[in-house]
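>>> model this:
(2 chains)
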Amino acid sequence: MVRFKNRYVLCEVVSDDPRCRQCIEDRALGLAVRDAIARVHGDYGLACCSISFTVKYLNAYTGTVLLRCRKDSYRLLCSALPFVRHLESRAQRYPCFLNTLHVGGTVRTCQKFLIQYNRTQLLRLLQNCTNEEERQCIQKSLLSCSLTEEQSQSGDEEEDDGTE
Amino acid sequence: RRELPDGGARPNAAQFKQLVVTALRDLHGEVGAALPVDVLTYEEKTLSAILRVISSGLVKLWSALTLVGFYQNRRCAFRVLQTSPFLLALSGNSRELVL
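Model (predicted):
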């Protein structure tokens, strides 16, 4: 069977600046990553990684980014991600960095990982939050997400029922 | 061993190494520029040199040298005469050996 195999890299944009969250967009992030690859791996690396490079999914609220690249050049991409230092959009530069969370072969595995990761993050937020009403908020969202799992019959959430 | 045919400018040893490292940086980025390349000998008269590189970096070095087009706005080219894992083998070309 001959097909093009891709690797999907799940990253998280971490930044001190709160305004950075609002201006995360796919084109700006794609340009920043390609610029970093060009600096680290030169013309050859840029061309290698740009064959099938796109930003597949972007969540500005949580700063989650899913990048796609070819299986042959995902190591070049992963090694260049720590060199992304600024995010530029609308003539504003915000310092930030990318945390690599997971590398998967399909979007589905990355989505499964993201669901698990978000659940552990919510639990950790619950432990760390100091304000009582924040605590109520997070507890409500935790309960609501487990309730929707019982009600909905989608295949993705069924295995979460077993773990809950 | 490399030979560098050129118009007028004659680089000295340091400029030669700078040229090699710049070529690596253009094609392979910072990772390429950090590749440890040594200029073992350099003759300014014939503009030829012997370079040493780790064997896993040979492909990167050779490709970077091939794509060098200009030195100080003059057209130039790198010609690779001989490659070998042993330095002693570079002293003679066995094909031109006259028995």
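>>> assign A:Arg135 to helix, strand or coil.
Three-state call for A:Arg135 (DSSP: H, G, I helix; E, B strand; the rest coil): helix.
>>> once you drop chain neighbours, what's closest to it?
Of all residues not flanking A:Arg135 in the chain, A:Cys129 sits nearest, at 5.5 Å (Cβ to Cβ, 6 or more residues apart in numbering or on different chains). (Each C-beta comes from the backbone N, C-alpha and C, glycine too.)
>>> now stretch A:70-81: buried residues?
For stretch A:70-81, a neighbour-count test (16 or more other Cβ atoms under 10 Å in any protein chain shown) marks A:70, A:73-74, A:76-78, A:80-81 as buried.
>>> repeat for stretch A:29-37
Buried-residue list, stretch A:29-37, by 16+ other Cβ under 10 Å: A:29-30, A:32-37.
>>> secondary structure element holding A:Asn118?
helix A:107-128 (DSSP states H and E).
>>> can you name the residues in contact with that helix?
Applying Cβ atoms under 8 Å, 6 or more residues apart in numbering or on different chains, the external contacts of helix A:107-128 come out as A:8, A:10, A:56-57, A:62, A:64, A:66, A:101-102, A:104, A:135, A:138-139, A:141-142, A:145, A:156, A:160.
>>> alpha carbons only: can I get that helix in CSV?
Extracted C-alpha coordinates of helix A:107-128, given in CSV (Å, rounded to 0.1, in the frame of the first residue of the first chain):
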residue,chain,number,x,y,z
VAL,A,107,-5.5,13.3,14.0
ARG,A,108,-7.5,10.8,15.9
THR,A,109,-4.7,9.7,18.2
CYS,A,110,-3.8,13.3,18.8
GLN,A,111,-7.4,14.1,19.7
LYS,A,112,-7.5,11.1,22.2
PHE,A,113,-4.4,12.4,23.8
LEU,A,114,-5.7,15.9,24.0
ILE,A,115,-8.9,14.7,25.7
GLN,A,116,-6.9,12.9,28.4
TYR,A,117,-4.5,15.8,28.8
ASN,A,118,-7.3,18.4,29.2
ARG,A,119,-8.9,16.2,31.8
THR,A,120,-5.6,16.0,33.8
GLN,A,121,-5.1,19.7,33.4
LEU,A,122,-8.6,20.4,34.8
LEU,A,123,-7.9,18.3,37.8
ARG,A,124,-4.6,20.0,38.4
LEU,A,125,-6.3,23.4,38.1
LEU,A,126,-8.9,22.3,40.6
GLN,A,127,-6.1,21.5,43.1
ASN,A,128,-4.3,24.7,42.5
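>>> many thanks, I have nothing further to ask.
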